[in-house]
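Asks: Would you be able to build a 3D model of this:
(one chain, ligands or ions: 3)
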Amino acid sequence: MRGVHGVDEIRTAENELMARLPEGALMARAATGLAVECARLLGPVYGARVVLLVGAGNNGGDALYAGAWLARRGVRATALLLAPDKAHPGGLAAFRAAGGRTADPTPAALAGADLVLDGIVGIGGTGGLRDEAVPLAQAARDALTVAVDVPSGVDADTGAVEGETVHADVTVTFGALKPGLVVGTGAERAGELRLVDIGLAATLPAASTHVFEAADVAALLPTPGAADNKYTRGVLGVAAGSSAYPGAGVLCTGSAINGGAGMIRYVGTAADAIRAQYPEVVVQEGAAPDDLHVQAWVAGPGMGTDDAAHDLLAAVLATGEPAVVDADGITLVGSSPGLVRDRDAPTVLTPHDGEFARIADGPSGDRLASVRAAARDLDAVVLLKGNATVIAAPDGRAWVNRTGTPWLGTAGSGDVLSGLIGSLLAAGLEAPLAAAVGAYVHGVAGQLAAQGGPPSSLDVLHAVRPALREIGRG
Ligand SMILES: NC(=O)C1=CN([C@@H]2O[C@H](COP(=O)(O)OP(=O)(O)OC[C@H]3O[C@@H](n4cnc5c(N)ncnc54)[C@H](OP(=O)(O)O)[C@@H]3O)[C@@H](O)[C@H]2O)[C@@H](O)CC1
Ligand SMILES: Nc1ncnc2c1ncn2[C@@H]1O[C@H](COP(=O)(O)OP(=O)(O)O)[C@@H](O)[C@H]1O
Ligand SMILES: [K+]
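Replies: Residues are numbered from 1 along each chain as shown. Ligands and ions are numbered 1, 2, ... in the order given. Got it, this is the predicted structure:
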C-alpha cells in the first residue's frame, strides 16, 4: 500500500528532514535517482541526446544535477533555461562543469532529442503552464519525456489541469506519491510512475489517502476455510434489473457470483432473465427485503426510477445490512438522500460523474476533495468512477485505484463493479475496503478482458474470476 501526500505535508516533511542532513543532500538523492531512471530508459547513454527544460526553482535544480550526472557518462546534454536569472545556481554550475551546454528555449532545440527532462516546475507550481513554457511542452510530445517530480502544469495537490501541460511518458517523483499524479487528468499526464526514496518516510505523517497494490488486495480477498459454508461465506441480496433493463440485473448478479458470494437471493423484477441465466441464484421475487437472511445488499442497476423502484430501494435500505447502491439507485437517492443518511448500516454509493452530480456538489477538479465531502455529507462510502476511481469513507480515509483501462468505459461495466463490491461486502469486508478492493479487481478484470480485443461488459464479467486468480497468485 502506498501513501499519497499533499504538497503541504511533503514540504513540512522535507524541511524537517533537511534540517538533519548536510546542505544539498536531499536534492542530491533526488537528482541521482532521477538520473539513474533516465539512464535505464535510454539504454546506452553514451552519445545520447538529452534536452533539459529548466524552470526557476528546485525542480529545475533536480533536472540540472541529473543532467550533470548523465553528461559525465557521455550524454550530450542541453539545458533550455526558461528563467536564466533564476536557474538553480549550484545545479547550473555542476551541469556546466560536466560539459552540459545551454541553448535558447525554443521548440527547435528539442528536435532529435532521445529524452526530454521536464524540470519546468514541480510542487512549487501555481496555475497552469505559463505562456513561454507552452510551446516547449508541445514540442516535447514528440519525444520520450520524463517529468521531474510532477508533469509541469498539473496541480500536484489535485490532478486538475488548466490549459497545456507536459505529457510525460514517465514521472520520477520524490519521497511520496502526490494526489496530482494518481487522480484525474494529472494521472493521465504523469504516465508511468517511479518513486525515488529520499528518506522522507522518516518525517512524513501517516497518509490518509492510499493506493492499493496487488499484495494488499490479495491479503483482503476472502478465502473460505474448512469451517465455512455458503452462509458464512456471505449471502447477498440483489435488487437490480427490471423488465425494461434485465441485462443490468444479469450483469450485476453474475458479477456477484463470480466475485465469490456464498449465495444470492434475487428480489428484483427481472426474475425470468435471472432464472434463465443463473440456476444457482435463489429467486425470491416479491419477498420483503427485511424478511430475508442476507449479509449485504446490492441495489440499483437497471431497477428503474419509478415509484415501485423507489419503494424497493427504500425497503432494502431500511434493513440493517450493508448495501451498495448504484446507477438508478443513485438517481433515487439524489431525490431522497435521507434513504442513505438515516441508515445505521454502511452504504457504498458508486456514481460516475453524472450520477455524482445528483447526490453532491461537483465533482470539481479536486476529485478527492469532492468525494471526501460527499462521503462526509451522506455518511456513506462514495466511490467516484473514472480513469482513476476515487473512494472515500465518511471518516476521511480515501483510496485511489490504479488498475483498469479506458476500455472499461462500456455499457454495463459499472453493473459488474457493483455486483463485485456486493459480494465482498457480503463476505464481511469493511465497506470502504470492499469498495477499494472491488475497484481494484474490476480494473484487473478489464485489463485481462481487453487483451482479447475491445471487451464488452460481459467479457469483463467473465474476467472477474481470472482476475481474482491472478491477484491471489501475486
Ligand atoms: N525542498 C527540497 O528539499 C527538495 C525539493 N525537490 C524538488 O524541488 C521542487 C520544488 O521546488 P521549488 O519549491 O523551488 O518549486 P518549483 O516547483 O521548482 O517551482 C519554483 C518556481 O517556478 C515558478 N513557477 C511557478 N508556477 C509556474 C508555472 N505554472 N509555470 C512556470 N513556472 C512556474 C515560480 O517562480 P517565479 O518565476 O514565480 O519566480 C516558482 O517559484 C520539487 O518538486 C522537487 O522537484 C527535490 O530536489 C527534493 C528535495
Ligand atoms: N477512461 C477510463 N479509464 C478507465 N476506466 C474507465 C474509463 N471510463 C470508464 N471507466 C470505468 O468503467 C466503468 C464504467 O461504469 P459506468 O459508467 O457505471 O458504466 P455503466 O453505467 O454502463 O455500467 C467504471 O468502473 C469506470 O471506472
Ligand atoms: K516538472
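
Asks: correct me, but residue 312 touches residue 286?
Replies: No: contact criterion Cβ atoms under 8 Å: residue 312 and residue 286 do not qualify, at 10.0 Å. C-beta: built from backbone N, CA, C; applies to glycine.

Asks: Need the overlap of contacts for the two.
Replies: By Cβ atoms under 8 Å, 6 or more residues apart in numbering, residue 312 and residue 286 have these common neighbours: residue 267.

Asks: what about the two, which has more around it?
Replies: residue 312 (23 against 8; other Cβ atoms under 10 Å).

Asks: In space, what's closest to the more buried one - neighbours in sequence excluded?
Replies: Of all residues not flanking residue 312 in the chain, residue 239 sits nearest, at 5.4 Å (Cβ to Cβ, 6 or more residues apart in numbering).

Asks: any idea how far residue 68 is from residue 112?
Replies: With distances taken as Cβ to Cβ, to the nearest Å, residue 68 is found 21 Å from residue 112.

Asks: Those two - which one has more neighbours?
Replies: Neighbour totals were compared for residue 68 and residue 112, and residue 68 leads with 25 against 9 (other Cβ under 10 Å).

Asks: Just the pLDDT at that one, thanks.
Replies: With respect to pLDDT, residue 68 scores 98.

Asks: Do any residues in the one helix or strand it maps to lie close to ligand 1?
Replies: Applying DSSP states H and E as the criterion places residue 68 in helix 58-72. Yes: counting by Cβ under 6 Å from any ligand atom, ligand 1 has neighbours in helix 58-72: 58, 59, 60, 62.

Asks: how about the nearest residue to residue 224 once chain neighbours are set aside, what does it touch?
Replies: Distances taken as Cβ to Cβ, 6+ apart place residue 233 nearest to residue 224, at 5.4 Å, with adjacent residues excluded. Residues counted as contacts of residue 233 (Cβ under 8 Å, 6+ apart) are 222, 224, 260, 261, 262, 263, 426, 427.

Asks: Filter those down to the buried ones.
Replies: Buried residues within the contacts of residue 233, defined by neighbour count using 16 or more other Cβ atoms under 10 Å: 222, 260, 261, 262, 263, 426, 427.

Asks: Pick out whichever of those sits closest to residue 250.
Replies: Taking Cβ to Cβ as the measure, residue 250 lies nearest residue 261 of the buried ones among the contacts of residue 233, at 15.1 Å.

Asks: State which helix of this structure is the longest.
Replies: The helix spanning the most residues in the chain, taking DSSP state H as the definition, is helix 431-450.

Asks: That one - contacts with which helices or strands?
Replies: With contacts taken as 3 or more Cβ pairs under 8 Å, 6 or more residues apart in numbering; DSSP states H and E, helix 431-450 sits against helix 214-220, strand 347-349, strand 381-384, strand 390-392, strand 398-400, helix 413-426, helix 457-462, helix 464-473.

Asks: most tightly surrounded among those?
Replies: Ranked by mean neighbour count under mean count of other Cβ atoms under 10 Å, the helices and strands packed on helix 431-450 are led by helix 413-426, which reaches a mean of 31.

Asks: right, and residue 290 touches residue 318 too?
Replies: Yes: at 6.6 Å, residue 290 counts as touching residue 318 under the criterion of Cβ under 8 Å.

Asks: Who has more neighbours out of the two?
Replies: It is residue 318, of residue 290 and residue 318, that has more neighbours when counted by other Cβ under 10 Å, with 14 against 11.

Asks: following whichever strand or helix holds residue 312, which helix or strand comes up?
Replies: Per DSSP H and E, residue 312 falls inside helix 307-317. Counting by DSSP H and E, the next helix or strand C-terminal to helix 307-317 is strand 323-325.

Asks: That following strand: what's the following helix or strand?
Replies: Towards the C-terminus, the helix or strand next in line after strand 323-325, according to DSSP H and E, is helix 328-335.

Asks: helices or strands next to that next one in the packing?
Replies: The contact analysis (3+ Cβ pairs under 8 Å, 6+ apart) places helix 328-335 against helix 307-317, helix 338-341, helix 353-359.

Asks: Buried deepest among those helices, which one?
Replies: When you average the neighbours per residue for each of these (mean count of other Cβ under 10 Å), helix 307-317 leads with a mean of 19.

Asks: so which helix or strand takes in residue 344?
Replies: Counting by DSSP H and E, there is no helix or strand that carries residue 344.

Asks: Not counting sequence-adjacent ones, nearest residue to it?
Replies: In space, residue 344 is closest to residue 320, 6.7 Å off (Cβ to Cβ, 6+ apart).

Asks: And the one you found, its phi and psi?
Replies: Phi and psi for residue 320, reported as degrees, to the nearest 10, are phi -100, psi 20.

Asks: Would you mind measuring from it to residue 422?
Replies: Residue 320 sits 16 Å away from residue 422, going by Cβ to Cβ.

Asks: quick revisit: just the C-alpha atoms of the longest helix of the chain, please, in PDB.
Replies: C-alpha atoms of helix 431-450 as PDB (Å, rounded to 0.1, in the frame of the first residue of the first chain):
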ATOM      1  CA  ALA A 431     -17.400  -1.100   3.400                       C
ATOM      2  CA  PRO A 432     -14.600   1.200   2.200                       C
ATOM      3  CA  LEU A 433     -12.300  -1.800   1.800                       C
ATOM      4  CA  ALA A 434     -14.900  -3.700  -0.100                       C
ATOM      5  CA  ALA A 435     -15.200  -0.700  -2.500                       C
ATOM      6  CA  ALA A 436     -11.500  -0.300  -2.900                       C
ATOM      7  CA  VAL A 437     -10.800  -4.000  -3.400                       C
ATOM      8  CA  GLY A 438     -13.800  -4.200  -5.800                       C
ATOM      9  CA  ALA A 439     -12.400  -1.300  -7.900                       C
ATOM     10  CA  TYR A 440      -9.000  -3.000  -8.000                       C
ATOM     11  CA  VAL A 441     -10.300  -6.400  -9.100                       C
ATOM     12  CA  HIS A 442     -12.700  -4.800 -11.600                       C
ATOM     13  CA  GLY A 443      -9.800  -2.900 -13.100                       C
ATOM     14  CA  VAL A 444      -7.700  -6.000 -13.400                       C
ATOM     15  CA  ALA A 445     -10.700  -7.900 -15.000                       C
ATOM     16  CA  GLY A 446     -11.000  -5.000 -17.500                       C
ATOM     17  CA  GLN A 447      -7.300  -5.300 -18.400                       C
ATOM     18  CA  LEU A 448      -7.500  -9.000 -18.800                       C
ATOM     19  CA  ALA A 449     -10.700  -8.700 -20.900                       C
ATOM     20  CA  ALA A 450      -9.100  -6.100 -23.100                       C
END
